[in-house]
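Visitor: Sequence and predicted structure, then a few things I'm wondering about:
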Amino acid sequence: MKIGISVKRKILQFISFALSDPYIGNFYSGKLYKGFWKNFCNPGLNCYSCPAAGLSCPIGAMQAVNGSIDFKLSFYVLGTLCAFGILLGRAVCGFLCPFGLLQELLYKIPSPKKKIRKEFRYIKYVMLFLVVGMMPVLITNAMGMGDPFFCKYICPAGTLEGGIPMLLAHAEISDMAGWLLALKLLIAACTVVGCILVMRLFCKVLCPLGAFYGFFNKISFIQLETDQNACVSCGKCAKVCPMDVDPSADPNSMECIRCGKCVSVCDQQAISIRKLAAAQQKRELKQSAEN
Amino acid sequence: MTQYRGIIIKTVLLIIAAGMIVYGVSRGEMAIAFNKAINICFECIGLG
């Protein structure tokens, strides 16, 4: 029996989720894992204040270093993200991101399903460059330290994975709750409702990590390829795409998370996910055969 | 030829990324990220 790409992807997503959050027991104790692996960044978005988290959140780590007294740019985190981007592009979002899996599970809740206007997608680039990249460096206190603005004012992953479990486990710190928590709970609630109605709403609109990996989609080792000779422009791929991309026109769009649904739905087998080298080799072989 | 050029470019980019990681670690960035990650991040959980 051949296992389809959707099933393989779902299995990989759950494995990645389990590896990202192995310390489930910490939800009861309200403690954080403090071991060796917290030195390393998760390729996907996963709050390091989630009690189960075994790795660091790359967006949190980036802001922590950018907002520190000593450094204004984290080469360590940037290098890590570039490496994942070159290897996988936004396949990280589709296969490895724990918060991406949570959003997909929320979308399975029966409800009327909606699409968003494409203009909203530009917000995530503002998040990446302004809120994550610049604000912790430019807006600093007397000591020269900047806040992690995305984590502090926006990130619903932090609220859902870290905030709510921690506040439930530590009654003593819940006394500190104020308007900031109310704001973050509101954003988290909107995100949850939004993700029930719109597939991966957070990825499409707010995620700075998805915005970053999107820049690598055209150059990463993993590429989506459309054979224009085989394509009959039936539009099935665009219709099934959860990220509202048209793979027949732009197979390596910055929005594509390499979920492979277009590959599965294509009757002509015109779309494939493969390593760039293999795709080019195939194209060159075809050209040389034609000549 | 094109395929080799593509692979070479990607490999060079990967090496640059690895160099950035090594440089970042060597100047102590990993320790900052680690310290943030092992303590409750009050900003992340909405307590400021």
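Guide: Here it is on my side, so go on.

Visitor: Can you report how many residues neighbour residue 43?
Guide: All of this refers to chain A. Other residues lying near residue A:43 total 26 when counted by other C-beta atoms under 10 Å in any protein chain shown. Any C-beta I mention is one placed from the backbone N, CA and C, and that applies to glycine too.

Visitor: The chain in question should be chain B.
Guide: Residue B:43, neighbours per other C-beta under 10 Å, totals 24.

Visitor: With residue A:137 instead?
Guide: 16.

Visitor: residues contacting it?
Guide: Residue A:137 makes contacts with A:66, A:67, A:72, A:73, A:146, as judged by C-beta atoms under 8 Å, 6 or more residues apart in numbering or on different chains.

Visitor: ok, now residue A:140?
Guide: With contacts defined as C-beta under 8 Å, 6+ apart, residue A:140 is in contact with A:67, A:146.

Visitor: and the helix or strand bottoming out on mean pLDDT in chain B with chain A, contact?
Guide: With mean pLDDT, DSSP states H and E as the measure, the helix or strand of chain B carrying the lowest mean pLDDT is helix B:2-26 (a mean of 92). Yes. Legend: contact between helix B:2-26 and chain A by C-beta under 8 Å from any C-beta of the partner chain is shown at B:2-3, B:6-7, B:9-10, B:13-14, B:16-25.

Visitor: Give me the packing partners of that helix, helices and strands only.
Guide: Here helix B:2-26 touches helix A:75-88, helix A:276-290, going by 3 or more C-beta pairs under 8 Å, 6 or more residues apart in numbering or on different chains; DSSP states H and E.

Visitor: in chain A, which helix has the most residues?
Guide: Selection of the longest helix in chain A by residue count, based on DSSP state H, yields helix A:179-197.

Visitor: related to what we said a few turns ago, show me just the buried residues among the residues of helix B:2-26 next to chain A.
Guide: Buried members of these, counted by 16 or more other C-beta atoms under 10 Å in any protein chain shown: B:3, B:6, B:10, B:13, B:14, B:17, B:20, B:21, B:24, B:25.

Visitor: from memory residue A:133 sits against residue A:66, does it?
Guide: Yes. Residue A:133 is within contact range of residue A:66, at 7.1 Å (criterion: C-beta atoms under 8 Å).

Visitor: Who has more neighbours out of those two?
Guide: Per other C-beta under 10 Å, whichever of residue A:133 and residue A:66 has more neighbours is residue A:66, with 24 against 19.

Visitor: ranges for the helices of the stretch 101-250 of chain A?
Guide: Using DSSP state H, counting those that start in this stretch, the helices found in the stretch 101-250 of chain A span residues A:123-126, A:135-138, A:149, A:156-157, A:164-169, A:179-197, A:201-205, A:208-214, A:236-240.
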